[in-house]
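1. need a structure here:
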Amino acid sequence: MTRQNLLYILLSLIVGVATLHTAASVFSLYWRLAWFDMLPHFFGGAFVALGLFWLSFFSGYRGARHLPDSVSVFTLIFVGTLIVGVGWEVFEYLLGHIWSPEGYWLDTVTDLCVDMLGALAVYFCIRHRL
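-> Numbers count the residues shown, from 1 in each chain. Have a look, this model is predicted:
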């Protein structure tokens, strides 16, 4: 796993999220397919998790690069993705994007769980590579 490969994966994830969101907005997929919202949240959670991992261990901002242990990677990914996910849900609430067929709180909890599934997928990939 090289620094440059991680950046390519991060770029692919964010382009994928942007593409999914654009398609959902243009074709009203968020309203037509209740499950479609899970796709951008999964890949968004993966993007945040991998971005935090890259920033913390591969960017060079924290000094010499070292291979992290599994516990510190899991803690970083889990806590960091949860904070960003909650922040995103607060952002949506402040914008007034609180309408959903299943109810606001159920939608919020589902979004956060799917964010965390994306983060866990990244964690298991990283753990497998380390």
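
2. Quick one: the helices in the chain, in order.
-> 3-26, 29-32, 38-57, 70-95, 104-129 (DSSP state H).

3. Save the ones you listed as JSON lines, and put in mean pLDDT and mean neighbour count too.
-> For glycine as for every other residue, the C-beta is placed from the backbone atoms N, C-alpha and C. Formatted as JSON lines, the helices of the chain follow (pLDDT from 0 to 100; neighbours: other CB atoms under 10 Å):
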{"stretch": "helix 3-26", "mean pLDDT": "94", "mean neighbour count": "14"}
{"stretch": "helix 29-32", "mean pLDDT": "90", "mean neighbour count": "14"}
{"stretch": "helix 38-57", "mean pLDDT": "95", "mean neighbour count": "22"}
{"stretch": "helix 70-95", "mean pLDDT": "93", "mean neighbour count": "15"}
{"stretch": "helix 104-129", "mean pLDDT": "92", "mean neighbour count": "17"}
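
4. Quick check: closest non-adjacent residue to residue 45.
-> The shortest distance from residue 45 to any non-neighbouring residue, by CB to CB, 6 or more residues apart in numbering, is to residue 118 (2.9 Å).

5. Surely the one you found and residue 44 touch.
-> Yes: using CB atoms under 8 Å, residue 118 is in contact with residue 44, at 6.7 Å.

6. Give me the residue at the spatial middle of this protein.
-> Taking CA atoms, centre = their mean as the criterion, residue 45 is the residue nearest the geometric centre of the chain, at 1.3 Å.

7. Next, find the distance separating it from residue 67.
-> 23 Å (CB to CB, to the nearest Å).

8. now residue 107
-> For residue 107, the distance to residue 67 - CB to CB - is 38 Å.

9. Repeat that for residue 40.
-> Residue 40 is 31 Å from residue 67, by CB to CB.
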